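A.B. asks: Only the shape, not the letters, is given here:
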C-alpha cells in the first residue's frame, strides 16, 4: 500500500495534470521512501506513475536498500558497464508506462544525463516541470518534522555557545569556522552539516554570503556568524553577530536596527497572510531608519530537509502562510568596506500565529 506521503503526492500530481513523476537522489526521494542515495556517476531514478507500482532504476550494489523502503518498489538494477544502462532504464520506463504520458521532473535536481536516458527510453513522453506538486508536498511540516528542526536548532545553539569560548583576536576566519563545525558535532549534529559555516569579519561582514578566509580577527571588527546543524535529516539555520572590542557607534546602531527588524519580521508571521508580508515588516524597520539600500536580500527562506526551500520571504510573494511552514527571518544591514550585521532565527507557523524555534539573544555578542 502507498504511504500517506506517496498518496498525497499522487493527489497533487493529479491536480497538476501529471501522469507520472521522476525523481533522482535528493531530499524529496528520501522524504517519500525513507531511503538515502547519493548523486553520482551512476544514474538512480524513482519512477512514480499510478496505478503502476513504483519503479526504481539503481546500481546492483545498492539494491539491498529497497528492503527498507516505506512502500513496495520494483527494482531495475544494472552493473558497472554503462553500455547496458540505457536498456535497463528503457525496461523500467515500460514497466511504469511512461511513454505518451505527461511526466513531471524535479527542475532543480534532475540532471542532463538522466533526462537524456529518459527521453531515449520514452520518446513519446512529455517531460515537464513537476515544481508545483513537489513544492506543495513538503512545504507544511508535520509534528515530527518540526520537532527534528527544533532539535537541530538546539544543537546549533549549543555549538555556537561552545565556540564563543574559543574566539580570540588574531585567529583567522577559517580557524573560527573550523572550531564552530567541531563544536556542532560535539553538540550532536549529524556529520553532514546544512552548509559550511560563514565567518565574516570586518569589511568581509558586509558581504552577506562571504566565505571564511585567512583574514585575522581584529579589534573593532563586527563578525557575522551564519551556521546550522543537522538532526534526523532536518536542518537549522541561524545567524548572530559578534563585536570584537570597541566598535564604531554606527555599527552598534545598525545592530540595534537589525534586531528590531528581526523582531518585526518574526511577529508578522501568522496563518493566512502572504509570505511577502514578513519581508515587508522587517524591511520597513530598516528603511524607516534610513538604511533600506543596505538591506540587499530577501528576509528569509523556507527550511526543512534543505536549507533553501519553500516558502521564500520576499516582498512580492503572495503565497499564503499555513501551519507547519518553517522559514528563516534574517534581516541585515551591510555597509560596504566597513561591516555588516545579520540576525537570523528559525520560525514555524502554528494554528494561532508563529513560534520562534531559536532562543539565543539577538544583541551583539561582545568579545573583549
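C.D. replies: Structure's in. What do you need? Note that this is a predicted model, so its numbers are computed, not measured. Numbers count the residues shown, from 1 in each chain.
A.B. asks: buried sites along stretch 254-270?
C.D. replies: If you call a residue buried by 16 or more other C-beta atoms under 10 Å, then stretch 254-270 has these buried ones: 254-255, 257-270. To be clear about C-beta, it is placed using only N, CA and C from the backbone, and glycine gets the same treatment.
A.B. asks: same check, this time on stretch 138-156
C.D. replies: Applying 16+ other C-beta under 10 Å to stretch 138-156 flags 138-141, 145-146, 148-156 as buried.
A.B. asks: do stretch 84-96 as well
C.D. replies: Buried-residue list, stretch 84-96, by 16+ other C-beta under 10 Å: 85, 88-90, 92-93, 96.
A.B. asks: Residue 117 belongs to a strand, doesn't it?
C.D. replies: No. Per DSSP: H, G, I helix; E, B strand; the rest coil, residue 117 lies outside any strand segment and is helix.
A.B. asks: Number of residues surrounding it?
C.D. replies: Neighbourhood size, residue 117 [other C-beta atoms under 10 Å]: 21.
A.B. asks: That one against residue 86, yeah?
C.D. replies: Yes. Counting by C-beta atoms under 8 Å, residue 117 sits close enough to residue 86 to count as a contact (6.1 Å).
A.B. asks: returning to that earlier point: any idea which of the buried residues of stretch 138-156 is closest to residue 312?
C.D. replies: residue 139 (10.7 Å; C-beta to C-beta).
A.B. asks: for the stretch 1-150 of the chain, which spans come out with low pLDDT?
C.D. replies: 1-2 (pLDDT under 70).
A.B. asks: the helices in it, which residues?
C.D. replies: Along the stretch 1-150 of the chain, counting by DSSP state H, counting those that start in this stretch, helices occupy 4-15, 27-33, 85-96, 112-121, 131-138, 143-164.
A.B. asks: Quickly find the element holding the spatially most central residue of the chain.
C.D. replies: Taking C-alpha atoms, centre = their mean, the centroid of the chain lies closest to residue 307, which sits 1.6 Å from it. Element membership of residue 307, judged by DSSP states H and E, is empty: it is in no helix or strand.
A.B. asks: Tell me who's in contact with it.
C.D. replies: 194-195, 228, 235, 237, 301 (C-beta atoms under 8 Å, 6 or more residues apart in numbering).
A.B. asks: Domain ranges for the chain, per the record?
C.D. replies: Following automatic domain parsing, one gets these domains for the chain: 4-138, 143-367.
A.B. asks: Out of these, which is the most enclosed?
C.D. replies: domain 143-367 (a mean of 20; mean count of other C-beta atoms under 10 Å).
A.B. asks: Could you work out the end-to-end span of that domain for me?
C.D. replies: With C-alpha to C-alpha, to the nearest Å as the measure, domain 143-367 spans 38 Å from end to end.
A.B. asks: Then stretch 48-55?
C.D. replies: 7 Å.
A.B. asks: picking that back up, which stretch among the helices of the stretch 1-150 of the chain approaches residue 63 most closely?
C.D. replies: Nearest of those to residue 63, taken as C-beta to C-beta: helix 85-96 at 12.0 Å.
A.B. asks: quick one: residue 271 from residue 139, how far?
C.D. replies: Applying C-beta to C-beta, to the nearest Å, the value for residue 271 to residue 139 is 13 Å.
A.B. asks: do residue 303 as well
C.D. replies: Relative to residue 139, and taking C-beta to C-beta, residue 303 is found at 11 Å.
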